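> Pasting the sequence and the predicted coordinates here, then a few questions.
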Amino acid sequence: MLEVDVEVDRRDFTVRAGFQVAPGERLALFGPSGAGKTTILEALAGLVPAARGSVVLAGRVLTRTAAPHRAVPPWRRRVGLLRQDPGLFPHLSVRQNLAYAPGTDPYGEDAAEIAGQLGIGGLLDDRPHRLSGGQAHRVALGRLLLAQCDALLLDEPYAGLDSGLRRVLTDLVRSLVAARQVPAVLVAHELPEAQAFADRLAVLDRGQILQVGPPGPVVLQPATRRVAELVGYAGFVPLAAPDDAVAGVHPERVALGAHPSRGIVLNVPVLACRPSGAGWEADIEARGELLSCRLADRPAAGGGELSITLLDPPCFGPDGGLLPRPEQVSA
Amino acid sequence: MSWAASPAAAASGAARGGDSPGQRPPARPGRAASQPLGIRSRSGFAALAGTAVIWIALLGPVITLITHLSGRAIVTSLTAPGALDPLVISIESGAVTLAVLVLLGTPLAWMLARGTLPFPRVWEAGVLSSLLLPPLVVGLLLIFMVGPYTPIGQGLGALHLSATNTFLALVIAQVYESAPYYVLGAQASFGSVDPRLEQQAELLGDRPRRVFRRVTLPLAAPGLAMALAVAWARAMGAFGAVIIIAYHPYGLPLQIWTSLQETGLASALPFALVLLVVALPLPLAAYIWSARARGRRRG
């Protein structure tokens, strides 16, 4: 179990993190660039000092600012960190990289087994500069596994790779986290990546965790308007009742046609329309708000009014808080 | 290396990077294999010609030395009684100088590179000062600093040591003339080690001292070797400060000087050759070794 309750002072704001990750569980910290996600990971790894609070991993106190004060140095934390740069040591062979952690036998059974599992058994005598990006990440992962880490921290490790490779590596990490029963924390600034990895999502903005929960509910029922903005709601349409309430419009949760049973129906003028992926992206005007939405079919030409349904949209009161499910809400 | 920055090299580098999307191509020394000289235009030709002129001009003295040496002159001046003593003195004092630089300069360079010292600019200025001061001036000032009538000189005297016209004085003068080359070079090579690699090594369980030994030092080694080699060459050739504070015992540069003064050019030249032969192998070996070490890491 990884129990985190820390504050880290940064120049611009204070980053606060409070969460628990069970063994084998995967938490994603999702938020915009500069929200403090990496700072949290670095505080867990002991690379930046915590201003207040504590970090406890598998019963060991790693950080505690209250008495008795404790700050375990990085080399005794047994916390593995993967970054976008795999960080292989360029002067060592792949085998020496894998077995870098003290007390690891480069020619031992463990090393051979993990190399086989990761599909890098044939590269052991190569130098890191000869590896492809995916291979280098596999070696970096194997190195952490051989170091017997008690927790796995992932700082957007696969952000630079193409999507197929990213999925393969993410699945690999998922299965290893399950097999080893270690807590894992992923930092992501793209929602699909966070969803693909995590069983829990924490939405972070300016150093604050705004909402924690399973990815589905966090995206479909964001706790506040700010969370809704962060998870991709591009616009907010005023509702007729209650007063001052708005419905969040997610570009991907709009259906063509009137389906009153499935959400809020709007009749909107189409300002522009262009192909986007396998569907269409339409710019619409809804009650004075300019929005764009994704549609499976091309809206009828002519620039006239269009009936669309906002599928089960989250609605927010004037204070930005989520309103109850909109059975009573009407457009 | 002169054509490393040519458009051809840049273009081929970009093409290499293009075939692996999302992955930074490893930084390679630019070698435009398809267009060996990169001559595409008149300006390219002018650049090449300029490079050649400078290269020949820089190597000119070495070529001149070789063409002006006669075998008989070498033999007579080097077989004179005591002729090789300056060589021994130079090598011994150079070795002591290097040891001092490595022991005292390496920690300073490391701290300068990591920015762990307060007021880093002040420290850097201190290192630079002995590079910027003319060696003759350094020698003069050293007399006022460690001469026999100064507090330091009297302290040394109490230990039956002296920092003028002794082996110690020679080492001190050589340290002043070579230290900035080593410290600044070592600082640059430590600075080129990615601190994230050191962090990664710590997270894998290495204490800082082990990280230094297993990661920092091996990665900085090619640059350190080059810095040390340059410092060696400077120490071997140290003259300005040496002639003032350590006229005796003669090292090679002073031997050249006195031979020149007493018997003329012809007898000084063989010592110049000896000086080159002693001073150059280490820098050359260091250069070749560090180039190969870098090549192994970058492919």
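Yep, that arrived.
> Closest residue of the stretch 151-300 of chain A to chain B?
Closest residue of the stretch 151-300 of chain A to chain B, CB to the nearest CB: residue A:160 (4.3 Å). No exception for glycine: its C-beta is placed from N, CA and C like everyone else's.
> count of neighbours near that residue?
Neighbour count of residue A:160, defined by other CB atoms under 10 Å in any protein chain shown: 16.
> thought it was touching residue A:84?
Yes. Look at residue A:160 against residue A:84 with CB atoms under 8 Å: they come within range, at 5.7 Å.
> List the contacts of residue B:90.
By CB atoms under 8 Å, 6 or more residues apart in numbering or on different chains, the contact set of residue B:90 is B:236, B:251, B:252, B:253, B:275, B:278.
> any idea which element the closest residue to the second one other than its chain neighbours lies in?
Meaning residue B:251. Distances taken as CB to CB, 6 or more residues apart in numbering or on different chains put residue B:90 closest to residue B:251, at 4.2 Å, once the chain neighbours are dropped. Residue B:90 belongs to helix B:85-100 when assigned by DSSP states H and E.
> Tell me which helix or strand comes right after that helix.
helix B:106-114.
> Return the list of helices and strands in contact with that following helix.
With contacts defined as 3 or more CB pairs under 8 Å, 6 or more residues apart in numbering or on different chains; DSSP states H and E, helix B:106-114 has these neighbours: helix B:120-132, helix B:167-191.
> buried set for the longest strand anywhere in chain A?
If you go by DSSP state E, chain A has its longest strand at strand A:263-276. If you call a residue buried by 16 or more other CB atoms under 10 Å in any protein chain shown, then strand A:263-276 has these buried ones: A:263, A:264, A:265, A:266, A:268, A:270, A:273.
> Quick one: mean pLDDT for that strand?
Mean pLDDT, strand A:263-276: 87.
> So what touches it?
Strand A:263-276 has contacts (CB under 8 Å, 6+ apart) with A:237, A:239, A:247, A:255, A:258-259, A:280-287, A:290, A:294, A:298-299, A:303-313, A:326, A:329, A:331.
> what are the bridge partners for residue A:155, then?
Per DSSP bridges, the residues bridged to residue A:155 are residue A:187.
> residue contacts, residue A:103?
residue B:205.
> and with 10 Å instead?
Residue A:103 makes contacts with A:146, A:147, A:148, B:205, as judged by CB atoms under 10 Å, 6 or more residues apart in numbering or on different chains.
> tell me which element it is part of?
Using DSSP H and E, residue A:103 is not contained in any helix or strand.
> Quickly list what's touching both of residue A:160 and residue A:84.
A:133, A:137.
> Closest to the centroid, which residue in the chain?
With no chain named, the answer covers chain A. By CA atoms, centre = their mean, chain A has its centre lying nearest to residue A:194, at 3.0 Å.
> my question was about chain B
By CA atoms, centre = their mean, chain B has its centre lying nearest to residue B:230, at 1.1 Å.
> Now stretch A:311-319: buried residues?
In stretch A:311-319, counting by 16+ other CB under 10 Å, buried: A:313, A:314, A:315, A:316.
> Pretty sure the third one sits against residue A:242.
Yes. Counting by CB atoms under 10 Å, a contact exists between residue A:315 and residue A:242, whose distance comes to 8.9 Å.
> what about residue A:34, which SS state?
coil (DSSP: H, G, I helix; E, B strand; the rest coil).
> If you could redo that for residue A:48, that was the one I meant.
At residue A:48 the chain is in coil, as set by three-state DSSP.
> From residue A:2, how far out is the closest residue to it other than its chain neighbours?
Nearest residue to residue A:48, sequence neighbours excluded (CB to CB, 6+ apart): residue A:42, at 4.5 Å. Using CB to CB, to the nearest Å, residue A:42 is found at 15 Å from residue A:2.
> the more surrounded of these two?
Applying other CB under 10 Å to residue A:42 and residue A:2 shows that residue A:2 carries more neighbours, namely 25 against 19.
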